[in-house]
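S.K.: have a look at this prediction, sequence included:
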Amino acid sequence: MSQASMQRAAALLCALRGPRPAGTLRPPALPHELAPGSEAQAYEVQVALAQLLGASIGGWKASMSAADQGQADRGQAAPLYRRDIHDSPARVSCPDGDGVGVEPEIAFTLGRDMEALPAGRHYRPDDLDAAIDTVHPVLEIVHSRFAKLDAAPPLDRLADNLSNAGLVRGLGCRDWRTLALGDLPLRLEVLGADGSRAVHEGRGGHGHGDPRLPLLWLVNDAIARGVPLRRGELITTGSCAGLHPVTPGARVSVSFGGLGNVELALD
């Protein structure tokens, strides 16, 4: 894949974020000639896309392979645009007027820059804990620029920022070391515009148990790719309750016991 093709792929993804002419459908995937052939190429498309959008980076999304797939040290990352990070309570418009997915997650704000260590040493859990400033309950807003969320090739979805369409952030907790982050009680409630009500309740629920594991993976992986992480950036670490579809007019609330709450209204 040439640099020109990466730029064209980014331009197409940029256009797919804009208003869609009446009667047109989103594509199932990137055209073959614009599809990244490796993770490195998909990450380059991410960079080109942010430049075209004029978007500054406010954080990162870590999507780490499930532990039960035997690839607990593998994952993918995508930027969170600063303009798409909303403080709770938030009111957000659904892209294209379509429905979106929401995922309750636990996110971390860095208290210092995370740069390459001497002699290629990796950050360890103790290093990471010392670098965390605040922990937040968040709701990720998920919306693919392709026709179906999970039908596009994985590298196309990576180029599309892993289908991230925003993040709603609850208040930060600095006393997080007193909490069992992998075992917090969770309650998600979705009130539909039609009066419907759906509730999910559970405890823990993160695919890796401890949400700091994807954070540690992302820090080391980003640095290996030459992407140092900066003080104040917000890193979200994957769903604690799966993906829940919602439509315009819905009201969503999530509560992590001991950590905090998030509220989102969708227009």
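M.R.: Perfect, I can see it now.
S.K.: list the contacts for residue 81?
M.R.: Residue 81 makes contacts with 50, 53, 55, 56, 57, 58, as judged by C-beta atoms under 8 Å, 6 or more residues apart in numbering. C-beta coordinates here come from the backbone N, C-alpha and C atoms, glycine included.
S.K.: check residue 170 too.
M.R.: The contact partners of residue 170, by C-beta under 8 Å, 6+ apart, come to 88, 136, 137, 138, 259, 260, 261, 262.
S.K.: could you report the pLDDT at it?
M.R.: Looking at residue 170, its pLDDT reads 97.
S.K.: measure it to residue 33 for me?
M.R.: Computed as C-beta to C-beta, to the nearest Å, the residue 170 to residue 33 distance reads 43 Å.
S.K.: before we move on, the earlier item: can I get the contacts of residue 81 in TSV with neighbour count and pLDDT?
M.R.: Shown next, in TSV, are those (neighbours: other C-beta atoms under 10 Å; pLDDT from 0 to 100):
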residue	neighbour count	pLDDT
50	17	97
53	14	95
55	17	95
56	10	96
57	16	96
58	18	96
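S.K.: now for these: which two are most distant?
M.R.: For those, with distances taken as C-beta to C-beta, the pair at the greatest spread is 53 and 58 (13.0 Å).
S.K.: my read: residue 137 touches residue 254, true?
M.R.: Yes. With contact defined as C-beta atoms under 8 Å, residue 137 reaches residue 254; the gap is 6.4 Å.
S.K.: list the residues that contact both of the two?
M.R.: Counting by C-beta under 8 Å, 6+ apart, the common neighbours of residue 137 and residue 254 are 104, 261, 262.
S.K.: any quick ChimeraX command for the buried ones out of these?
M.R.: Of these, the buried ones go into a single ChimeraX selection, burial set by 16 or more other C-beta atoms under 10 Å:
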select :104,262
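S.K.: strands - which of the shared contacts of residue 137 and residue 254 land there?
M.R.: Cross-referencing the shared contacts of residue 137 and residue 254 against strands under DSSP state E gives 104, 261, 262.
S.K.: any regions of the chain where pLDDT drops low?
M.R.: 22-23, 66-73 (pLDDT under 70).
S.K.: apply 80 and report the result again.
M.R.: 18-24, 65-73, 96-98, 120 (pLDDT under 80).
S.K.: for the stretch 51-200 of the chain, which segments count as helices?
M.R.: Taking DSSP state H, counting those that start in this stretch, the helices of the stretch 51-200 of the chain run over residues 125-131, 154-159.
S.K.: return the set of buried residues in the longest one.
M.R.: Along helix 125-131, these residues count as buried under the neighbour rule (16+ other C-beta under 10 Å): 128, 131.
S.K.: that helix packs against which elements?
M.R.: Judged by 3 or more C-beta pairs under 8 Å, 6 or more residues apart in numbering; DSSP states H and E, helix 125-131 is in contact with helix 212-224.
S.K.: can you give me the offset of the helix it packs on from its chain's centre?
M.R.: Averaging C-alpha positions (C-alpha atoms, centre = their mean, to the nearest Å) puts helix 212-224 14 Å from its chain's average.
S.K.: stretch 201-221 too?
M.R.: Relative to its parent chain, stretch 201-221 has a centroid offset of 13 Å by C-alpha atoms, centre = their mean.
S.K.: same deal with stretch 126-139?
M.R.: 16 Å.
S.K.: who touches the closest residue to residue 146 other than its chain neighbours in this structure?
M.R.: Distances taken as C-beta to C-beta, 6 or more residues apart in numbering place residue 152 nearest to residue 146, at 4.2 Å, with adjacent residues excluded. Neighbouring residues of residue 152 by C-beta under 8 Å, 6+ apart: 28, 29, 30, 144, 146, 160.
S.K.: dump the residues you listed into a markdown table; add neighbour count and distance to residue 232 as well.
M.R.: Formatted as a markdown table, these follow (neighbours: other C-beta atoms under 10 Å; distance: C-beta to C-beta, whole Å):
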| residue | neighbour count | distance to residue 232 |
| --- | --- | --- |
| 28 | 12 | 37 |
| 29 | 18 | 35 |
| 30 | 26 | 33 |
| 144 | 24 | 28 |
| 146 | 20 | 32 |
| 160 | 25 | 25 |
